[in-house]
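what's the 3D shape of this:
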Amino acid sequence: MKGTKQLGIVLIFIALLMVIRPETVHAEIADESVFEGSEWELLFEENLEEGLVQSVCVTEDYIVTLENKDDTVDTPDILRAYYRNNKDENGNKVEQYSLAKRIDSIHYEHCNGMTYNPKTKKILVSLYTAADPENRGCLYVLNSETFEYEDRIKIADDFNVLGIGYDEETDQYVIQTNDEGGYSFKILNSDFQITDDLGSFSHTSQGDNFQDLCVSGDYIVNFPLTAGMGIGSFINMYSISARDIVSSTQLDFKFENITWDEPESICVVGPGKFLAAVNVVEDTQERKVRFYQTEVPYYQQLEVIQTVGGKEKKDIQKVLQGEKISIDYQEVKGQKISEVRVDGKAVEYNKKDKAFTFTKIEGSHSIEVIYKKVKYFRVTFFFLFVFAVGICAALLYRQHLKIQRAKKRKKAQRMRRQIQRNLYEE
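Here you go, the predicted model:
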């Protein structure tokens, strides 16, 4: 009986925690339909040499690709780094998207996937194949500045790693296994230990294999392998929390004069922005890799804080990126606004202002409205003092008038007596 009572108390406590737990709002893709009708902008293209580009990732300064020649051990693959911006890492002007480095000294197996960790400044390559048995179930680690090979990390022995993505917010990696692992998605911590298995995803979409992947919030995004099937290209979205595929959308890169194409790799280049590497063959038989970018609806986080008497009241809202939004200043009884801070910095505030407007949301923001108590005592005392002085003045003036009237009456009486006296004497 005692144990049952304790269990009941625990269950009630857990229920209360679930009720009072505040909703968590993250910057994230708007929903699973964001790629429907998406527009893909061609940024630049590069001639292929002997193979196909299998993977792409971006660092702060570079767009990095790996072109796989073939999977034999003695054949080095081609790493290319293109300038991501119009200035290099030292601030020197460069031509954006021009080739910065080309290295062909390392064999990366099939180099099917690649991701960048900005915290460690390392690039991780998922090999997919293991022509060298030592590479079974491994990742390669590259220096993101020199692009030199640094290390090899063993994930498992019973499968190879097909694709890989990194989520900076959770400091976790997501990998997809090859068919030996059922094309399953697995979560790795920052030490590359498997912490969760989302299950097998064989035959969950078009095609019978997969390309590289990327991670954005709760979603895993990848291309299924459909080249040669005559059904076009697709992009898949999987929900980590739901552990399921949530959309598979047909792609339209609006090709002209292209006889063959294969989307190979995709990576996140900014909030709601994705870069895709697509191998193509033109009608002239030229073989190229094209780089396309798209931007999808994306929610940013807006934290609205009301601080009264040192106590904060927070409201976290979802706001679509690029949207204009105004935050109204709320009236608080007995308080007045003393300061407004946006992203922790004080902004100009006028008593006539009714709201603060973000003209275009480009990232997560916070706005804090700080109130201070109105000092009624001084105002009331002043008015009471003025009122008292006025009353006293009025009373004194009334008394003055009364005295003056009494004097006039006495004077009038004296004058009447004097007149009467004069008349009597006559």
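
so residue 225 touches residue 210, yeah?
Yes. Between residue 225 and residue 210 there is a contact under CB atoms under 8 Å: 6.1 Å. C-beta coordinates here come from the backbone N, C-alpha and C atoms, glycine included.

just the strands in the stretch 51-200 of the chain please.
Per DSSP state E, counting those that start in this stretch, the stretch 51-200 of the chain carries strands over the ranges 52-58, 62-68, 78-83, 99-103, 113-117, 122-126, 138-143, 149-154, 161-167, 172-177, 185-188, 194-199.

ok, back up a step: neighbour-wise, which of residue 225 and residue 210 wins?
Counted by other CB atoms under 10 Å, residue 225 and residue 210 do not tie: residue 210 has more neighbours, with 24 against 18.

which ones are touching the more buried one?
Residue 210 makes contacts with 162, 163, 176, 183, 222, 223, 224, 225, as judged by CB atoms under 8 Å, 6 or more residues apart in numbering.

Quickly list what it is bridged to.
Beta-bridge pairing for residue 210 (DSSP bridges): residue 224.

from the contacts of residue 210, which two are the most distant?
Put simply, by CB to CB the two of these set farthest apart are 183 and 223, 13.1 Å from each other.

Between those two, tell me which one has more neighbours.
Legend: neighbour count by other CB under 10 Å for residue 183 and residue 223, higher for residue 223 (26 against 23).

In contact with that one, which residues are there?
By CB under 8 Å, 6+ apart, the contact set of residue 223 is 210, 211, 212, 233, 234, 235, 236, 263, 264, 265, 266, 276.

Confirm for me that the fourth one is in contact with residue 261.
Same thing as residue 233. Yes. Under the criterion of CB under 8 Å, residue 233 makes contact with residue 261 at 6.8 Å.

any common contacting residues for the two?
Residues touching both residue 233 and residue 261 by CB under 8 Å, 6+ apart: 227, 253.

Between these two, which is the more surrounded one?
Neighbours were counted for residue 233 and for residue 261 using other CB under 10 Å; residue 233 has more, 23 against 17.

Next, the contact list for the more buried one, please.
By CB under 8 Å, 6+ apart, the neighbours of residue 233 are 223, 226, 227, 250, 251, 253, 261, 262, 263.

Would you mind measuring from residue 94 to residue 417?
For residue 94, the distance to residue 417 equals 118 Å [CB to CB, to the nearest Å].

more neighbours, those two?
For residue 94 and residue 417, the more surrounded residue by other CB under 10 Å is residue 94, and the numbers stand at 17 against 10.

surely that one meets residue 88?
Yes. Counting by CB under 8 Å, residue 94 touches residue 88, with 5.1 Å between them.

Common neighbours of these two, please.
Residues touching both residue 94 and residue 88 by CB under 8 Å, 6+ apart: residue 100.

just how off-centre is the one helix or strand residue 419 maps to within its chain?
In this assignment (DSSP states H and E), residue 419 forms part of helix 376-425. Averaging C-alpha positions (CA atoms, centre = their mean, to the nearest Å) puts helix 376-425 79 Å from its chain's average.

And the longest strand along the chain, what's buried?
For the chain, the strand with the greatest residue count under DSSP state E is strand 258-270. Counting neighbours by 16 or more other CB atoms under 10 Å, one finds that the buried residues in strand 258-270 are 261, 262, 263, 264, 265, 266, 267, 268, 269.

okay, among these, which ones form the most distant pair?
So for these, where distance means CB to CB, the most widely separated pair is 261 and 268, at 21.9 Å.

for the stretch 251-400 of the chain, what spans make up the strands?
Going by DSSP E, counting those that start in this stretch, the stretch 251-400 of the chain shows strands at 258-270, 273-282, 287-295, 298-308, 311-320, 325-328, 335-342, 345-347, 355-358, 365-373.

In a markdown table: those strands, plus mean pLDDT and distance to residue 67.
Below are the strands of the stretch 251-400 of the chain laid out as a markdown table (pLDDT from 0 to 100; distance: least, CB to CB, whole Å):
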| stretch | mean pLDDT | distance to residue 67 |
| --- | --- | --- |
| strand 258-270 | 96 | 10 |
| strand 273-282 | 98 | 9 |
| strand 287-295 | 98 | 8 |
| strand 298-308 | 92 | 31 |
| strand 311-320 | 90 | 37 |
| strand 325-328 | 92 | 44 |
| strand 335-342 | 92 | 46 |
| strand 345-347 | 92 | 46 |
| strand 355-358 | 92 | 43 |
| strand 365-373 | 93 | 41 |
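
what would the ones you listed look like in JSON lines with distance to residue 172?
Listed next are the strands of the stretch 251-400 of the chain as JSON lines, based on distance: least, CB to CB, whole Å:
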{"stretch": "strand 258-270", "distance to residue 172": "14"}
{"stretch": "strand 273-282", "distance to residue 172": "19"}
{"stretch": "strand 287-295", "distance to residue 172": "24"}
{"stretch": "strand 298-308", "distance to residue 172": "20"}
{"stretch": "strand 311-320", "distance to residue 172": "23"}
{"stretch": "strand 325-328", "distance to residue 172": "31"}
{"stretch": "strand 335-342", "distance to residue 172": "31"}
{"stretch": "strand 345-347", "distance to residue 172": "32"}
{"stretch": "strand 355-358", "distance to residue 172": "31"}
{"stretch": "strand 365-373", "distance to residue 172": "25"}
